[in-house]
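Asker: Build me a model from this:
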Amino acid sequence: MGKDYYDILGIKKDASEDDIKKAYRKQALRYHPDKNKSPGAEDKFKEIAEAYDVLSDPKKKDIYDRFGEEGLKGGGPAGGGGGGGGPGNFSYTFQGDPHVIFSEFFGGRNPFEQFFGGRNGGMDEDMDTDDAFARFGMGGGGGFPRSFSSNMGGFGGHSSVVKKQQDPPVVHSLRVSLEEVLSGCMKKMKISRKRLNPDGRTLRKEEKILEVQIKKGWKEGTKITFPKEGDETPTNIPADVVFVLKDKPHAVFKRDNSDIVYTAKISLRDALCGCTVNAPTLEGRVVTVTSTDVVQPGMKRRISGEGLPYPKRPDRRGDLIVEYEVKFPERLSQSARDTIAQVLPRS
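Answerer: Numbering: from 1, shown residues only. Sure, this is the predicted structure:
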């Protein structure tokens with residue numbers, strides 16, 4: 001025994017098109033999950049949408065009336081029999097979103113607030129939905145006044161409304177240098193896009209300059225979004241254009257969040273005997289770093305406040321980290337080997 005779509009909408013099998021629409025209005029408003037919090041309301045709401053989807057479509061309705069749900073969904077007889085041929089290769093599966101059908105039918109996701117404007121949408125819990133619509137001349141299955149219908153893009157059924165979808169974001173990489181992150185800057189990015197002409201149908205190509213404000217200390221991966229600056233067509237909502245910050249490779253420094261790292265290459269002799277390193281800064285100054293101790297492998301020295309600004313506290317800065325890299329000689333003379341062997345301990 002399949003679903004009885006007429007029973008779901010609370011109508012008889014000889015119901016007219018207007019009766020079907022009126023029944024869907026009443027049942028959808030009564031069981032909408034935003035209005036009805038009882039268990040099972042969401043499933044009932046979906047079932048109502050499926051019933052309306054079938055009965056409002058003449059072809060689906062005809063097959064359902066003749067063969068029931070099994071025939072409609074491809075499980076019934078394929079042909080022959082005293083009642084005429086079966087549905088043949090026709091097979092129906094409800095794959096719609098009941099909220100989309102509701103939205104397209106009513107011209108908005110929240111008719112409770114839009115039309116009634118009070119507590120919980122202004123609609124009393126036990127008020128019949130037909131009474132509520134009667135306030136706008138809708139009692140007895142009539143439609144909205146012409147002004148309502150034209151403003152809402154068609155009220156009678158979901159097939160008359162085209163629901164625009166926004167295109168996925170258009171993402172571009174935006175490379176910035178460490179010096180630009182240090183001081184902040186303005187980047188001007190030229191994009192090419194399609195836009196609608198005033199007639200609302202034909203398209204034109206245009207270029208636009210987007211000004212991207214890079215703030216001090218911004219980290220790699222920071223996203224800057226320009227809403228709806230993508231291609232525009234009669235059937236879409238333009239995509240957002242998104243720029244994602246990427247660090248340019250630097251000739252001298254590496255970045256570690258708000259710190260910058262400078263690799264100082266020193267000889268084995270300097271590593272053992274002490275040395276002085278002139279470390280550059282992003283502003284072009286030089287900081288002197290002296291070590292009198294033996295430089296151990298992986299040893300680092302930290303110079304406070306010479307890094308990049310903190311993104312949330314641009315008045316403060318990270319550190320300059322000096323990493324030592326010891327250069328070993330490729331070969332030693334025998335006399336050097338003997339001297340080292342005498343001076344250095346074995347362990």
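Asker: what's the burial count for Val289?
Answerer: Residues near Val289, counting by other C-beta atoms under 10 Å, number 18. C-beta here means a position set from N, CA and C on the backbone, and glycine is covered the same way.
Asker: Tell me what it is bridged to.
Answerer: Per DSSP bridges, the residues bridged to Val289 are Val277.
Asker: That one contacts Lys300, doesn't it?
Answerer: No - shown here, Val289 and Lys300 do not form a contact pair, counting by C-beta atoms under 8 Å, at 10.5 Å.
Asker: which neighbours do these two share?
Answerer: The overlap between the contact sets of Val289 and Lys300 (C-beta atoms under 8 Å, 6 or more residues apart in numbering) consists of Val322.
Asker: can you list contacts of the strand or helix carrying Ala49?
Answerer: Using DSSP states H and E, Ala49 sits in helix 41-55. Outside helix 41-55, the residues that touch it by C-beta under 8 Å, 6+ apart are 3, 5-6, 8-9, 15, 20, 24, 27-28, 31-33, 36, 60-61, 64, 72, 92, 94, 96, 98, 101-102.
Asker: Toward the C-terminus, what is the element adjacent to that helix?
Answerer: helix 58-72.
Asker: other SSEs contacting that next one?
Answerer: Using 3 or more C-beta pairs under 8 Å, 6 or more residues apart in numbering; DSSP states H and E as the contact criterion, the elements in contact with helix 58-72 are helix 41-55.
Asker: And the helix it packs on, what's buried?
Answerer: For helix 41-55, the neighbour count (16 or more other C-beta atoms under 10 Å) marks 41, 44-55 as buried.
Asker: just to revisit the earlier point, just the buried members of the contacts of helix 41-55?
Answerer: Looks like the contacts of helix 41-55 have 3, 5-6, 8-9, 15, 20, 24, 27-28, 31-32, 36, 60-61, 64, 72, 92, 98, 101-102 buried, using 16+ other C-beta under 10 Å.
Asker: Now, the contacts of helix 41-55 that are in helices?
Answerer: Taking DSSP state H as the definition of helices, the contacts of helix 41-55 contribute 5-6, 8-9, 20, 24, 27-28, 31, 60-61, 64, 72, 98, 101-102.
Asker: out of the residues you listed, which one sits closest to Thr339?
Answerer: Nearest to Thr339 among the ones in helices among the contacts of helix 41-55: Pro98, at 88.1 Å, using C-beta to C-beta.
Asker: show me the contacts for the closest one.
Answerer: Phe45, Lys46, Ile48, Ala49, Glu50.
Asker: Could you export the residues you listed to CSV, including columns for pLDDT and distance to Gly68?
Answerer: Shown next, in CSV, are the contacts of Pro98 (pLDDT from 0 to 100; distance: C-beta to C-beta, whole Å):
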residue, pLDDT, distance to Gly68
Phe45, 91, 23
Lys46, 92, 20
Ile48, 92, 19
Ala49, 92, 19
Glu50, 93, 14
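Asker: Out of these, which is nearest to Phe328?
Answerer: Nearest member of those to Phe328, counting by C-beta to C-beta, is Lys46, at 73.2 Å.
Asker: how about low-confidence regions in the stretch 151-300 of the chain?
Answerer: 151-162 (pLDDT under 70).
Asker: Now do Val326: how many residues are near it, please.
Answerer: 18.
Asker: Same check on Ser103?
Answerer: Neighbours of Ser103 (other C-beta under 10 Å): 17.
Asker: just Met299 next, same as before
Answerer: With other C-beta under 10 Å as criterion, Met299 counts 14.
Asker: Could you list which residues are in contact with it?
Answerer: Glu323, Tyr324.
Asker: redo that, cut-off 10 Å
Answerer: Ala271, Ser291, Asp293, Val322, Glu323, Tyr324, Val326 (C-beta atoms under 10 Å, 6 or more residues apart in numbering).
Asker: Quick check: which element contains the first one?
Answerer: Under DSSP H and E, the secondary-structure element containing Ala271 is helix 268-273.
Asker: List the buried residues for that helix?
Answerer: For helix 268-273, by 16+ other C-beta under 10 Å, it's Asp270, Ala271.
Asker: How about stretch 230-244?
Answerer: Gly230, Asp231, Glu232, Pro238, Ala239, Asp240, Val241, Val242, Phe243.
Asker: ok, now stretch 6-26?
Answerer: Here stretch 6-26 shows 6, 8-9, 11, 15, 19-26 as buried, counting by 16+ other C-beta under 10 Å.
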